[in-house]
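Chemist: Dropping a prediction and its sequence here:
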Amino acid sequence: MADTLLDIRGLNVRFSTPTGDVHAVKGIDLQVNKGETLAIVGESGSGKSQTMMAIMGLLAANGRAEGSAKFQGQEMIGLPIGKLNRIRGAKITMIFQEPMTSLDPLYKIGKQLAEPMRRHRGLSAKAARARAIDLLKLVKIPDPERRVDSYPYEMSGGQRQRVMIAMALANDPELLIADEPTTALDVTIQAQILELLVELKQRIGLAIVFISHDLGIVRRFADRVAVMRTGEVVETGTVADIFANPQHPYTKMLLAAEPTGRKAPPADNAPILLEGRDVDVRFSMGGGFMGGKKLDIHAVDHVDIRLKEGQTIGIVGESGSGKSTLGRALLRLNHGTGAIRFGTDDISEASRQEMRRHRRQMQLVFQDPFGSLSPRMTAGQIVTEGLLVHEPQLSKSDRDVRAIKAFLEVGLDPATRNRYPHEFSGGQRQRIAIARAIILKPQVVVLDEPTSALDRSVQKQIVELLRDLQAKHDLSYLFISHDLAVVRALSDYIIVMKSGKIVEEGSTDQIFDAPRESYTRELMAAAFGK
Amino acid sequence: MLRFVLRRLMSALPTIFIVVTLSFFLMRVAPGGPFNLERPLEPQTLENLKRAFLLDQPLVVQYGHYLWNLLHGDLGPSFIYRDFTVAELIAKSLPYSMTLGAWALLVAVLGGIAIGSYAALRQNSFVDYAVMSIASFGITVPNFVLAPILSFVFAVVLHWLPAGGWGDGGPRNLLLPVISLALPQLAVFARITRGSMIETLRADHIRTARAYGLPTRVVVVVHAMRAALVPAVSYLGPVAAAVLTGSVVVETVYGLPGVGRYFVLGALNRDYTLVMGTVVLISVFIVVFNLLVDILYAVLDPRVRYE
């Protein structure tokens, strides 16, 4: 057996809450060896992050850890903060899921990089700054001599994550804990960050604990995998073993959770349902009557799009590519220009009153299943709210009957319709949002990243639900997503967008099997590995 | 930045103009006038006084006259203290108010931030609850209740401190007025700081600082405090203007010769120009302190940039 660096035995983490204790990590055993990459895989709430937070002494105030976690023979659980502070940031370092907020917004990155070096190694301000510049070079930040004096807000998410990695490497740690380091980043950036981690690991030879929900990434990156579920480690093994020969049913389920299936295109003579010609949306930021500089953003740049009856168009692109803005412009929900037709009607100039007639046929489902449902209404009220506007003649009991039907259709227990959104899981909430859309019997549904905030296994169920509903009600979808696996499973036609323009479009098979543009190929490579 | 400051000062002029106009006419709507005394004046004397102070002219003419003088920096003569101009009265009393106010502000800001941060670090502990209950008490008890009680206990009963008067302006004379003036504001600062500190301590970048082995002291003072101060700073602007231009209640209770007292006497005696003068003074202070607060924002948070 190789040298054990971190030895976790019988680790428990509990959180006290007003409704009783939550047992987040249930007596797990785990070992991390010198120089290896251990991936801890699990869905949200599996306890994978809290295990590492406990070792680092970073549990929330209501959390407590029991058991043992020895790092190089030193017991970490219950270690006084003074001694703990000599290990964390020096021998064990960490990078986090939230690159946008993990750096202090008020200090230059050079100072933040220097701080742990000065603290742990007693470097002078000048020496620390010089090393900070070297580190920025190491993580491939262009122009490091200048960037060392940048504030975090002046950098992109990917760059901030590189800065975090530089900070993690500053004191030559033995162990790096990477807690979902790429989840919040666009796929192409994600690939770059992972490449950087792989390269650095080979050069520096440190051990990495890589916490992730994404098996695709783990496969390319880790030596060993530990699968966690509801606070327990259900299976550990080498990457090859886990992927080729999973033992535990949960691991098998996770592996099978990649969305599958294809959608057949509609008939060639299917009528066009929603058409946008020369759609153009610009936003101005800043300015105002007191003057100040205005920033113009060309979010959608003269785009043409035609959605046929029964068709699903997948619109893919990275954040800021204008895909959501395009979806909204087609529903006349922002101030875009261009000719928009719905069925036989030109709705480009339709007033609010005129649009109301069409609204029920054009529904929208949002990405955030937590923010898009009113916390003060019951699920039943949320789902039937649209009926109040579009079918005002219905009585309360009529609406209730419709709510029960809609709940059944999206696979929710109708008995739960009197509960409030916070009592539902993320996947269930997204079902509520879908029920709210389809109860109005729409023709077009714009799905704006409806699965992005969900765990893979839940994602798969939502994909299947959307597919069933489409077949049953002859729906047409505009499916906006950065997740190519989901897009491939649901769409028959794909539009790739970048900086407000269409880079490439075509049938799903053509885009995935024979992409013509280099940007499309780059997206594919980042999403599916080489 | 300089352009920003100039633009802000320019945009303050309409505000001050509106304040001046409103208070000018509101004062005149109030019944009575500066020369309605308990023992009425001789009609001829009254006539002469009115002519001397332009009160015999139509209101619009008086208003135009006042504005014209104001533009030249002339606040006019006091109607009641007839040997002084309003500017002289303010110049005489403002130093007292500002000395008192500056001490009170210092106590309120430093004390409030220290107490609020301490409570935040021990959130939901006994200390936190105790400190915050006292703070709530400080906010609820108005200073026209607090000031006489302090004066009664420490001066009348215990004879430790004088009951009022400026004296030599030393600690013995200032202690009670400063406490009376500072305590309610200190309580507000403590509450604001506690709230924002609790929020900041949960921020991701605080977790980063802790994960990198920085001692709690550094995490709190360097990384949390600066971000947590922003809400307290926004409250600082209006409070500083209010406290520095004299407290009506505290100056009256302790018999201090500050601006606040003249404001009350002016209002009671319908000394139109004196009230207008203090109103102008306070609005200028508010404008200036809000501007200082905006500049302080930019110092605290590099993301704030003014064009």
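Modeler: Looks like it came in fine. A quick note: this is a predicted structure, and the numbers were derived from the prediction, not measured.

Chemist: Spell out which parts of the stretch 1-150 of chain B neighbour chain A.
Modeler: Within the stretch 1-150 of chain B, the positions adjacent to chain A are B:7, B:11, B:123 by Cβ under 8 Å from any Cβ of the partner chain. In short, each C-beta sits where N, CA and C put it, glycine included.

Chemist: list the contacts for the last one?
Modeler: I take that to be B:Gln123. By Cβ atoms under 8 Å, 6 or more residues apart in numbering or on different chains, B:Gln123 lies in contact with A:61, B:198.

Chemist: a strand runs through A:Gln363, doesn't it?
Modeler: Yes. The assignment for A:Gln363 (DSSP: H, G, I helix; E, B strand; the rest coil) places it in a strand.

Chemist: What pLDDT does the model give the closest residue to it other than its chain neighbours?
Modeler: Nearest residue to A:Gln363, sequence neighbours excluded (Cβ to Cβ, 6 or more residues apart in numbering or on different chains): A:Ala437, at 3.7 Å. Listed pLDDT for A:Ala437 reads 92.

Chemist: Report the secondary structure state of A:Ala437.
Modeler: With three-state DSSP as the basis, A:Ala437 sits in helix.

Chemist: wait, what's in contact with it?
Modeler: Contacts of A:Ala437 (Cβ under 8 Å, 6+ apart): A:363-365, A:445.

Chemist: For chain B, what's its nearest residue on the stretch 1-150 of chain A.
Modeler: A:Gly89 (3.2 Å; Cβ to the nearest Cβ).

Chemist: So that residue is in contact with B:Gly213, correct?
Modeler: Yes. Applying Cβ atoms under 8 Å, one finds A:Gly89 in contact with B:Gly213, separated by 3.2 Å.

Chemist: higher neighbour count, those two?
Modeler: A:Gly89 (28 against 25; other Cβ atoms under 10 Å in any protein chain shown).

Chemist: For B:Gly101, see how far away the more buried one is.
Modeler: A:Gly89 is 45 Å from B:Gly101, where distance means Cβ to Cβ, to the nearest Å.

Chemist: picking up where we left off before, which residues are in contact with each of A:Gly89 and B:Gly213?
Modeler: With Cβ under 8 Å, 6+ apart as the test, A:Gly89 and B:Gly213 both reach A:116, A:119-120.

Chemist: Tell me, how many residues neighbour A:Gln393?
Modeler: 6.

Chemist: List the contacts of the residue of the stretch 1-150 of chain A closest to chain B.
Modeler: Each residue near A:Gly89 by Cβ under 8 Å, 6+ apart is listed here: A:116, A:119-120, A:171, B:211-214.

Chemist: Repeat that for B:Lys92.
Modeler: Here B:Lys92 is in contact with B:84, B:257 (criterion: Cβ under 8 Å, 6+ apart).

Chemist: got a pLDDT number for it?
Modeler: B:Lys92 carries a pLDDT value of 88.

Chemist: List the residue ranges of the chain that fall below the pLDDT cut-off.
Modeler: No chain was given, so I picked chain A. Confidence mapping of chain A against pLDDT under 70 gives the ranges A:1-2, A:285-295, A:529-530.

Chemist: Chain B, not that one
Modeler: B:37-38, B:306-307.

Chemist: For it, which segments count as helices?
Modeler: B:2-29, B:43-52, B:59-71, B:86-121, B:126-140, B:143-150, B:171-201, B:204-211, B:216-218, B:225-244, B:248-253, B:259-268, B:272-300 (DSSP state H).

Chemist: mind listing what's buried in the second one?
Modeler: Going by neighbour count (16 or more other Cβ atoms under 10 Å in any protein chain shown), the buried part of helix B:43-52 is B:46, B:49.

Chemist: Run the chain-centre distance for it.
Modeler: Distance of helix B:43-52 from the chain centroid (Cα atoms, centre = their mean, to the nearest Å) equals 37 Å.

Chemist: Point me to the helix or strand that includes A:Ile297.
Modeler: In the assignment (DSSP states H and E), A:Ile297 maps to strand A:294-308.

Chemist: sec struct for the residue in the stretch 401-530 of chain A that chain B sits nearest to, please.
Modeler: Taking Cβ to the nearest Cβ, chain B has its nearest neighbour within the stretch 401-530 of chain A at A:Ala453, 18.1 Å off. Look at A:Ala453: counting by three-state DSSP, its state is coil.

Chemist: and it, what are its phi and psi?
Modeler: Main-chain dihedrals, A:Ala453, degrees, to the nearest 10: phi -90, psi 10.

Chemist: Neighbours of it, how many?
Modeler: Using other Cβ under 10 Å, the number of residues around A:Ala453 comes to 19.

Chemist: Return the residues in contact with the residue of chain A most remote from its centre.
Modeler: In chain A, the residue that sits farthest from the middle, by Cα atoms, centre = their mean, is A:Gln393; the gap is 41.0 Å. Listed by Cβ under 8 Å, 6+ apart, A:Gln393 has no contact partners.

Chemist: near chain A, which residues of the stretch 201-307 of chain B?
Modeler: Listed as neighbours of chain A in the stretch 201-307 of chain B under the rule Cβ under 8 Å from any Cβ: B:203-205, B:207-216, B:218, B:223, B:226-227, B:300-303, B:307.

Chemist: one more time with 6 Å
Modeler: Within reach of chain A by Cβ under 6 Å from any Cβ of the partner chain, the stretch 201-307 of chain B has these residues: B:204-205, B:207-208, B:211-213, B:223, B:226, B:301-303, B:307.
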